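Asker: Here you go, sequence then predicted model.
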Amino acid sequence: MKVIIRNNSSEGSLWAARHIAERITRKASVTDKPFVLGLCTGSTPLETYAELIRMVKDCELSFRNVITFNMDEYVGIPEEHPESYHSFMHRSLFDHIDIPEENIHILNGNAPDLEKECREYEEAISREGGFDLFLGGVGEDGHIAFNEPFSSLSSRTRPITLTADTRRVNSRFFGGDPDAVPAKALTVGVATVTSSQEVVILAFGSKKARALRDAIEGPLSHACTLSCLQNHPCSTIVCDEDSVGELKVNSYRYFKAVEEAEGM
Ligand code: GLP
């Protein structure tokens, strides 16, 4: 696991956007096969998305041969709801880049058969040859996508009941009322994320400090599903100074030394 520690979220987001762009461009230079990209929601990726949009507008990057699969979606709110992840993704990224609409995949939280929807999502990911890169965030309790604590580390895409904590944290998008946050969601599994060739996780701000400490220094555990990165051959956490406040000084120093030695 690599941990890239930048001074603030803007610098971290810039690093992530450049990294994703470099991966897309590099694959395009050697094959016609599409780049398969996993994407996340939340406030954390917004600056990264803004930089990717800028690159497309300035003709430095194209999403014409990129296929995306989003991590998760609430169950039971209409797609047009401003806080659905469909709305969020179009507003924050897809409406501003050159990705063909048919290349975009987001779970349907209103499907008549939710289990079937999840099975078919996994099948669609496999048909595209699996993920080249998965971009994710992390919840304050260490959840990845909506894989709440005690989700199996070998889980796949499925319906999930959200914790009271997640509904409280996400209530800021629903007028401050935790009961207005849907109680259920569809989410890719932990193993869906770790099946990606590369995983990049963004974490900014002191509210993520406990999650990073548990994921980086704690045991591999279903209590902190982000700890799944410990078992992944190519994972990077891109974070800022505030979010590493709970790491041991020696861990912090080591990650900074690696960054310097490897010129990241
Ligand atoms: C939700 C999403 C996660 C996201 C997390 C953090 O729970 N399902 O994918 O990582 O929120 O959100 P934020 O970036 O707003 O802190």
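Answerer: In hand now; what should we look at? Numbering: from 1, shown residues only.

Asker: For the ligand, see how far away the closest residue to Phe63 other than its chain neighbours is.
Answerer: The shortest distance from Phe63 to any non-neighbouring residue, by CB to CB, 6 or more residues apart in numbering, is to Ile99 (3.9 Å). Using the backbone N, CA and C atoms, a C-beta is placed for each residue, glycine as well. Distance of Ile99 to the ligand, given as CB to the nearest ligand atom, to the nearest Å: 20 Å.

Asker: Asp113 now?
Answerer: 22 Å.

Asker: Check Ser29 too.
Answerer: 31 Å.

Asker: give me phi/psi at that residue?
Answerer: phi -80, psi -10 (degrees, to the nearest 10).

Asker: In contact with it, which residues?
Answerer: The contact partners of Ser29, by CB atoms under 8 Å, 6 or more residues apart in numbering, come to none.

Asker: which parts of the stretch 51-200 of the chain sit against the ligand?
Answerer: Met71, Asp72, Gly137, Val138, Gly139, Ala145, Phe146, Thr166 (CB under 6 Å from any ligand atom).

Asker: quick one: which of the residues you listed sit in helices?
Answerer: Residues of these located in helices (DSSP state H): Thr166.

Asker: Name the member of the residues of the stretch 51-200 of the chain next to the ligand that has the highest neighbour count.
Answerer: Within these, most neighbours by other CB atoms under 10 Å means Ala145, with 29 neighbours.

Asker: ok, Trp68 touching Cys40?
Answerer: Residue 68: Thr, not Trp. No - here Thr68 lies out of contact with Cys40, judged by CB atoms under 8 Å, at a distance of 10.7 Å.

Asker: which of the two has more neighbours?
Answerer: In this view Thr68 and Cys40 are compared by other CB under 10 Å, and Cys40 has more residues nearby, 25 against 21.

Asker: and that one, what is it in contact with?
Answerer: Cys40 neighbours (CB under 8 Å, 6+ apart): Asn70, Met71, Leu135, Gly136, Gly137, Ala145, Leu202.

Asker: ok, so of those, who is nearest the ligand?
Answerer: Gly137 (2.8 Å; CB to the nearest ligand atom).

Asker: Could I get the phi/psi values of the closest one?
Answerer: phi -120, psi -160.

Asker: how about the helices of the stretch 51-200 of the chain, start to end?
Answerer: With DSSP state H, counting those that start in this stretch as the criterion, the stretch 51-200 of the chain has helices at 85-92, 114-127, 164-170, 190-194.

Asker: among the ones you listed, which is the most enclosed?
Answerer: Most buried of those, by mean neighbour count (mean count of other CB atoms under 10 Å): helix 190-194, with a mean of 22.
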